[in-house]
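Peer 1: need coordinates for the below:
(chains A, B, C and D)
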Amino acid sequence: MNLHEYQTKRRFAQYGIPVASGQTATTPEEARIIAGEIGVPVVVKAQVLVGGRGKAGGVKLAKSPEEAYAIAGKILGMDIKGHTVGIVLIDPASSINSEIYLGITNDRTTGKPVMMASSEGGVEIEEVARVNPSAIIREWISPSLGLREYQARNIASGINLPREHWAAFTKIARNLYRCYVESDAVLAEINPLVITGENELFALDGKMVIDDNALYRQPELAAQRDTSAEPLVETQARDAGLTYVKLNGQIGCMVNGAGLAMTTMDMIKLYGGGDIFPANFLDIGGGAQADRVAAALRIILSDPDVKAVLFNIFGGITRGDEVARGILQALKEVPTDKPMVIRLAGTNSEEGRAIIDDANIPNITAASTLTDGAKKAIAAARGEA
Amino acid sequence: MNLHEYQTKRRFAQYGIPVASGQTATTPEEARIIAGEIGVPVVVKAQVLVGGRGKAGGVKLAKSPEEAYAIAGKILGMDIKGHTVGIVLIDPASSINSEIYLGITNDRTTGKPVMMASSEGGVEIEEVARVNPSAIIREWISPSLGLREYQARNIASGINLPREHWAAFTKIARNLYRCYVESDAVLAEINPLVITGENELFALDGKMVIDDNALYRQPELAAQRDTSAEPLVETQARDAGLTYVKLNGQIGCMVNGAGLAMTTMDMIKLYGGGDIFPANFLDIGGGAQADRVAAALRIILSDPDVKAVLFNIFGGITRGDEVARGILQALKEVPTDKPMVIRLAGTNSEEGRAIIDDANIPNITAASTLTDGAKKAIAAARGEA
Amino acid sequence: MSILIDSSSRVLVQGMTGREGKFHSGQMIEYGTAVVGGVTPGKGGEWVHGKPIFDTVKGCVEATGANVSMILVPGPFAADAIYEAIDAGIPLIICLTEGIPIRDMMNVYEYLKNSSSRLIGPNCPGVLTPGQAKVGFMPNYVGKPGNVGVVSKSGTLTYETVAAMSAAGYGQSTCVGIGGDPIIGTTFVEVLEMFEEDAQTEKVVLMGEIGGRAEIDAAEFIKARMTKPVVAFIAGRSAPEGTRMGHAGAIVEGGQGTAQEKIDALRAAGARIAENPETIPDLLG
Amino acid sequence: MSILIDSSSRVLVQGMTGREGKFHSGQMIEYGTAVVGGVTPGKGGEWVHGKPIFDTVKGCVEATGANVSMILVPGPFAADAIYEAIDAGIPLIICLTEGIPIRDMMNVYEYLKNSSSRLIGPNCPGVLTPGQAKVGFMPNYVGKPGNVGVVSKSGTLTYETVAAMSAAGYGQSTCVGIGGDPIIGTTFVEVLEMFEEDAQTEKVVLMGEIGGRAEIDAAEFIKARMTKPVVAFIAGRSAPEGTRMGHAGAIVEGGQGTAQEKIDALRAAGARIAENPETIPDLLG
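Peer 2: Residues are numbered from 1 along each chain as shown, chains lettered A, B, ... in the order given. Modelled structure (predicted):
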């Protein structure tokens, strides 16, 4: 789960990381008042859960409250890569001497958190990694010890930070680590961490991604989820415990397991002849029960581009009979005449196939294998079934 | 540093461990009022930093406030193994169904905290260890993980605790561990942890020993040190950064390093012919400077049994010249005509010997080796020098 | 021979009294696996499928001599279940649980690496040595004894492939689902190493997917150390970039973790690449 | 040969700019030890005894190739200094600091045991390989090259004994002060093992004291594994019982840790027992 910049910075502030004293506005008038209160110039920043807002015109300097009003009016409601701006952050503008990147994430290879820093802040760290990988200093952290002061010194030394800033930097680095751990973040970054003309360090921009699996113990963060800008189906999928990604094809897919779901998509693309593609990635997860299957079907059918639906369920922890009951339940609630290809294998798949057969639904075709299912669905999408 | 029972139980209560709701009194009248307030019967318990108070008559049941008054009058001022009782704890008396021992300490061999429990609570755990070692269940704790719930269950199962008490026991065990860690304790024990007639668990008595090396970061605990009952010289030694233990011999010893200090004592006993013994253990520590040496000499000479003083300093981090200056400084402040044998070796020992020689003090004899020093000091103590 | 589990494995199930625990331990027993007991705190003394339930793993190990633990408890309790199994000295721990917080797994990983236990998973389908023992979710009918070692990040994709292999007459020595979480106990490379050492295994099938760089590491290992032929399939060729972790993970791993990158690395290491998991048997010939 | 340190050791000093650090690194250099640099956060760029000071151990190791770190920082900072040395990959860390809280050392111990570093100490006099290198406090003149390995819990008692040995013509291969704290990085047994393996060492002197059971473990090792003769001295025969840790420590250790108990165990293991450290040379003959 992504946090907005303003949410991240509030969280940072709770952990003692200095941030700009900005406030959020949802109307131009609010923006004008805030700019008057905190003093101009201010920066008006679109709050969207997607990168590249700067290039899209979502970040602008305002030299007067009136200008803040005008800019906020332009940015609010703007569409940035499919996300609608509903909130702007009004931050005081600062004099910047230099910019640092400082972030923490989890490293798969070592199984540890890794803190990364670069003296080239303010640009995307992926870009630094590509162009000048040695400019990124990494320090792996033992989960049992946490980030030690000497590790912060190793980083400060590695990015050639002037020694006068080491104490402030060390404090920020350790607070960022604490914030990362206690927030169950998978990413916490300050980009840029600026050194001002007054030789002070603060977080100008920040980003946090929270581990969805840990939200149960992070109620304060979970409550900050902003679903207003995201497509409705994504919200619905998450609420139903599904992983759904909308794509641009014609065959709706419902599969159990991420690997098999991707493979099913791959087979549609492989045999689709260059004109038929998967309409979505949808993993109903392990042990999916009837109501979750129903929700999944509803989401798939809500996509008007879908011409056919392919169910590919290989039972393991998921049981074929439950999936079959889920399909029938969903079809009662969301009747459809679109062709459906159902392939059930694995645990309780015979029971499942029997349930489907007994229901005797005309637009359902059975398939025996993955390849068979993909080919039948492609034919159905072409109207050949 | 030892905490009193009442201090330990207050600390326990801060960590959510149920304890008796007792209060302390320093006068019989206070005891009477407290007994009236908390309700009789009460137990009046001497607060002394030494074991065996029960046998010494320091713990008594009182059935009325008046009886509490009378008992407190007897216990307050009582001498228990050289400690004078200045405080009594008045606890409500409880109905006891069974008693458990539960304690944590650090295990040298594994380098980990170990939690120990026994269903035979209320008696000294050393006694249980001697008579019935298998009755003690041990669970070693990873410092990075802390005490896990399953470890508490392993203990509960090991001491055959009825399962209805597991939840309460687990909570107490984990809180005790937290209290141990956050107090920098080297020992934290509940003995006994009682199960009452109402099937509730609480700490009837408790003991904590705090790591002296960690007191710098435990100001709240450090402030609870009770020096009122201990011999003045021990307080003085600790304040000067010395380790001093009074013994019953005639030769005062001042040595640097615990191993050499014990060895010096051993040599006095070895060559002392059965009538001359060391008067004390005194380690001036590493890198001891002049003022600490002076404080040490003052403490040694305050013992009226001391007939001669043996200095045995083998410089390493400690430097001979500084010790020599310390001796001269101390002799100015505490003039003595008792014979002194000084043996200086190691780092800067030549400089040190020169300083002593130059001072030309008649009752000082130089020794060349440990054995020489011990023999000369024994002779001096016998008046043969 | 086989790797990890065989007919002498004595399996305990942490979370055996739950709905899934009961069902799948029943399937395992039906398969012939020596399930010796279960652990559910507070339910010690009960019985499931005729097997005793204990309050603690330690108690279960003492009473039953279990040497494999299968963990099937909810995510919030999984880390402690793994610690308990490690502390009880279980040499092989197979954790099926999905949804364990990454922070918990980083803590577990550090403790695990300093122990003598091996962890498979979490979020994995388990391990199957056909004809001998099954620990996990793999449907009972899919496997068939043979000489192909199978290792996979994915659960259902494994069943799919193993079923296709069995149908085509290619039996398996052992099938290992290592799990697809960012932090797992046992990697592709470690399992490949075991197969390379295993006398029964003659060929290996590896199934990976986009994200991370475990398949790149596997390719390096195959190139440097494997003498046995490897057939590989990588899921996610049709996935748009950046749908998974993307960003910081990709930086750390020094690459994008795309399917094509992985396929290229494996092919360069000498592995045969399948386009469709159901055609893997053709490449084993 | 020798153990732990020799003329090729490259030593860095954590805490070199402090009063004690300056004095003792000066003594070490005078002895001929290859002190290559020091570390004091915030003082990088300064020089002490002509050696460069760095802000971090990592920086010092990169610049100097140091492979031994001597730690002489105050107790509250010692644990972090040890972690820093471990993380910088220093294979041998010798911590002289006294007064480190036990809790800190328990944390350090767990981390250390999962690293590839060896720690000597804390609260120890260091290590001396006469004629080659000295890391620690031992006075420069006490040692003499030879074939007796010395291992001791105590600092000054070690100097005493080593000086007596040198005076009597018994030189030393290496003298190791393991420290007397409850939790130490390297035990008697580990050092005895090194001496047993070391070609230069022909005999061993062990100096223990009351408390703990390290000497009992040493006796068991001597009995089971040592082929070289051992002379032992145990300090504290005159100490009244219970003056040290007593109580819980004694329970855990399953004994009282008295001098007599240790002497009996060592004698039964075949060690010769000295009554006076100055008579040890007589027993080496």
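Peer 1: for the closest residue to residue C:171 other than its chain neighbours, give its distance to chain D.
Peer 2: In this structure, residue C:171 finds its nearest non-sequential neighbour in residue C:146, 1.8 Å apart by C-beta to C-beta, 6 or more residues apart in numbering or on different chains. Using the backbone N, CA and C atoms, a C-beta is placed for each residue, glycine as well. Separation of residue C:146 from chain D (C-beta to the nearest C-beta, to the nearest Å) stands at 39 Å.
Peer 1: quick check: next helix or strand after the helix or strand harbouring residue C:146?
Peer 2: For residue C:146, the host element (DSSP states H and E) is strand C:145-152. Going down the chain from strand C:145-152, the next helix or strand is helix C:156-167, by DSSP H and E.
Peer 1: whatever helix or strand comes next after that next one packs against which elements?
Peer 2: If you walk from helix C:156-167 toward the C-terminus, the next helix or strand you reach (DSSP H and E) is strand C:172-177. Packing partners of strand C:172-177 (3 or more C-beta pairs under 8 Å, 6 or more residues apart in numbering or on different chains; DSSP states H and E): strand C:126-129, strand C:145-152, helix C:156-167, helix C:188-197.
Peer 1: other SSEs contacting the third one?
Peer 2: In this case it means helix C:156-167. Going by 3+ C-beta pairs under 8 Å, 6+ apart, helix C:156-167 lies up against helix A:258-271, strand A:308-315, strand A:340-346, strand C:145-152, strand C:172-177, strand C:203-209, strand C:230-235, helix C:280-284.
Peer 1: read off the pLDDT value for the residue of the stretch 51-200 of chain A found nearest chain D.
Peer 2: Closest residue of the stretch 51-200 of chain A to chain D, C-beta to the nearest C-beta: residue A:150 (4.1 Å). pLDDT, residue A:150: 97.
Peer 1: picking that back up, correct me if wrong: the residue nearest to residue C:171 contacts residue C:174.
Peer 2: No. The criterion here is C-beta atoms under 8 Å, and residue C:146 misses it with residue C:174 at 10.2 Å.
Peer 1: those two: which is more packed in?
Peer 2: The neighbour count for residue C:146 versus residue C:174, taken as other C-beta atoms under 10 Å in any protein chain shown, is higher for residue C:174 (27 against 20).
Peer 1: contacting residues for that one?
Peer 2: C:2-5, C:127-129, C:149-150, C:195, C:198, C:201 (C-beta atoms under 8 Å, 6 or more residues apart in numbering or on different chains).
Peer 1: mind listing the helices for chain C?
Peer 2: In chain C, helices defined by DSSP state H lie at C:19-31, C:57-64, C:75-87, C:102-113, C:156-167, C:188-197, C:214-225, C:247-253, C:259-268, C:280-284, listed in chain order.
Peer 1: how close does the residue most central in space within chain C sit to residue C:58?
Peer 2: Nearest to the centroid of the C-alpha atoms of chain C, with distances taken as C-alpha atoms, centre = their mean, sits residue C:177, at 2.8 Å. From residue C:177 across to residue C:58, the span is 27 Å (C-beta to C-beta, to the nearest Å).
Peer 1: ditto for residue A:347
Peer 2: Counting by C-beta to C-beta - residue A:347 and residue C:58 are separated by 32 Å.
Peer 1: try residue C:34
Peer 2: For residue C:34 relative to residue C:58 (C-beta to C-beta), the value is 20 Å.
Peer 1: looking at the two, which is more packed in?
Peer 2: Neighbour count, other C-beta under 10 Å: between residue C:34 and residue C:58, residue C:58 has more, with 23 against 19.
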